[in-house]
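*Asks:* no sequence for this one, just the structure:
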Ligand code: HEM
């Protein structure tokens, strides 16, 4: 079966193999992800970033590490869920950042190869009664729960009147899709549940992993962190003022760090093999090294960044991903420093985390690192300035 059908969500735009039908489904999603529309989501993203900063503060001077990778999964999932449904699960507020969301997406991805070649096994597993699934294959029960949560959210939107659902201060994707002018069969609840499953999953681990990879490398190579923090201090002299994405995306070193993070956190190799392009040594010499400078030395490298792939199947959520990454990275690294570059709110110190915790060892549609990783972890230390 085609790669895109291996998630078992053929009613979503992502899972649609037929070109013409994909165009219809994709055209319905596109307006929600244009740059102008995403700019209107900035207050939501900023609010969640403020929550990240307060959670970092909770960990200050504890001997327990903060698992950045779990925190970022909670962040991106809160944002995309809110945008889809007009509410979110406040995963950032949860003690362990509701690490279950990350486990769910990894569980679903881990079935990808099997499902592609022997779909009958995956289909049969998902037909098991929930209680059997919970006992026999708990990881798949997580995937079922994720789908049920999407179903509950779509049914709730369908059941409420427009005045009730439009309480959110921003547009919500599935309210508008249900009220919009898609043909009736395209607005069916089962189809929209699958679309919601894909959009909320696609908008979670991808963005989160990119942030984790960037911060790992910045802390691992303090001279890079120093450069970035100098640029951020100049651009945002007063930390109480929220710098808009419009300002942040013009910062050259921040942008170079983000491009390099995207390059080394890959993307879903659906229509082309991201990993081979990003490690082509003639394009990216010392390709395994995190070197933001390569983007400043050669701005034309952009052409070879394929994390989001290209063409009609290109990631729908690029602008949302960039907005989240710019706003989160700039705000966190403006306030928190690291070795040799103290921050006003405190400092991060890598905790039992090394290159092996961010190095891709297997491609399961999303990059998997070594199986026994505990995530990208830091200790949060009080500021010494
Ligand atoms: C760093 C962050 C991200 C990366 C690297 C990424 C990467 C990708 C890739 C490689 C694809 C498949 C393209 C193909 O089929 O060739 C994809 C599809 C998709 N992504 Fe993203 N993504 C990211 C963030 C997001 C976000 C924040 C959303 C928003 C909700 C999102 C929504 C989608 C959707 C809906 C599709 C299916 C598009 C289609 O098939 O027409 N992604 N993404």
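*Replies:* Right, received. Where do you want to start? Bear in mind the structure is a predicted one, so any value in this text is a computation, not a measurement.

*Asks:* From the ligand, how far out is the nearest residue to residue 331 once chain neighbours are set aside?
*Replies:* Using Cβ to Cβ, 6 or more residues apart in numbering and skipping residues adjacent in sequence, the residue nearest residue 331 is residue 49, 4.9 Å away. From N, CA and C alone the C-beta is placed, and that goes for glycine too. The spacing between residue 49 and the ligand, counted by Cβ to the nearest ligand atom, to the nearest Å, is 15 Å.

*Asks:* show me what contacts residue 49?
*Replies:* Contacts of residue 49 were listed using Cβ atoms under 8 Å, 6 or more residues apart in numbering, and they are 75, 327, 328, 331, 332.

*Asks:* Name the residues of the helix or strand encompassing it that are buried.
*Replies:* In this structure, residue 49 is located in helix 42-58 according to DSSP states H and E. Of all the residues in helix 42-58, those buried under the rule 16 or more other Cβ atoms under 10 Å are 42, 44, 45, 46, 48, 49, 51, 52, 53, 55, 56.

*Asks:* closest to the ligand among those?
*Replies:* Distance to the ligand, by Cβ to the nearest ligand atom, is smallest for residue 45 among the buried residues of helix 42-58, at 10.8 Å.

*Asks:* what number of residues lie near the closest residue to that closest one other than its chain neighbours?
*Replies:* Residue nearest to residue 45 in three dimensions, not counting chain neighbours: residue 327, with 5.1 Å by Cβ to Cβ, 6+ apart. Burial of residue 327, expressed as a neighbour count using other Cβ atoms under 10 Å, amounts to 22.

*Asks:* Distance check, residue 327 against residue 244.
*Replies:* Distance, residue 327 to residue 244, using Cβ to Cβ, to the nearest Å: 8 Å.

*Asks:* which neighbours do these two share?
*Replies:* Contact criterion Cβ under 8 Å, 6+ apart; residues bridging residue 327 and residue 244 by contacting each: residue 42.

*Asks:* got a pLDDT number for the residue in the stretch 1-150 of the chain positioned nearest to the ligand?
*Replies:* Across the stretch 1-150 of the chain, no residue is closer to the ligand than residue 14, which sits at 3.7 Å (Cβ to the nearest ligand atom). pLDDT for residue 14: 93.

*Asks:* Can you name the residues that contact the residue nearest to it when sequence neighbours are not counted?
*Replies:* Sequence neighbours aside, residue 198 is the residue nearest to residue 14 in space, at 4.7 Å (criterion: Cβ to Cβ, 6+ apart). Going by Cβ under 8 Å, 6+ apart, residue 198 touches 7, 9, 12, 13, 14, 15.

*Asks:* nearest to residue 308, of the residues you listed?
*Replies:* Closest to residue 308 out of the contacts of residue 198 is residue 14 (12.9 Å), distances taken as Cβ to Cβ.

*Asks:* How about the secondary structure of that closest one?
*Replies:* coil (DSSP: H, G, I helix; E, B strand; the rest coil).

*Asks:* Next, it: phi, psi?
*Replies:* Recorded main-chain torsions at residue 14 are phi -60, psi -40, according to degrees, to the nearest 10.

*Asks:* right, and it touches residue 200 too?
*Replies:* No - Residue 14 is beyond contact range of residue 200, at 11.8 Å (criterion: Cβ atoms under 8 Å).

*Asks:* Buried residues, the helix ranked longest in the chain. List them.
*Replies:* With DSSP state H setting the assignment, residue counts place helix 138-159 as the longest helix in the chain. Within helix 138-159, the residues that qualify as buried are 140-144, 146-147, 149-151, 153-154, 157, counting by 16+ other Cβ under 10 Å.

*Asks:* Mind listing residues that contact it?
*Replies:* By Cβ under 8 Å, 6+ apart, the list of residues contacting helix 138-159 from outside reads 81, 84-87, 100-101, 103-104, 107-108, 110-111, 125-126, 130, 133-134, 165, 172, 174-175, 178, 189, 192-193, 196-197, 200-201.

*Asks:* Kindly report the same for stretch 172-185.
*Replies:* When contacts are taken as Cβ under 8 Å, 6+ apart, the neighbours of stretch 172-185 outside the stretch itself are 24, 28-29, 32, 83-86, 153-154, 157-158, 162, 165-166, 187, 191-192, 195-196, 199.

*Asks:* If we check the ligand, which of these are in contact?
*Replies:* Intersecting the contacts of stretch 172-185 with the surroundings of the ligand, defined as Cβ under 6 Å from any ligand atom, gives 29, 199.

*Asks:* ok, then the element right after the helix or strand bottoming out on mean pLDDT in the chain?
*Replies:* Comparing helices and strands within the chain by mean pLDDT, DSSP states H and E singles out helix 162-165 as the least confident, with a mean of 54. Secondary structure here is assigned by DSSP H and E; on that basis, the next helix or strand after helix 162-165 toward the C-terminus is helix 173-179.

*Asks:* Fine by me, we can end here.
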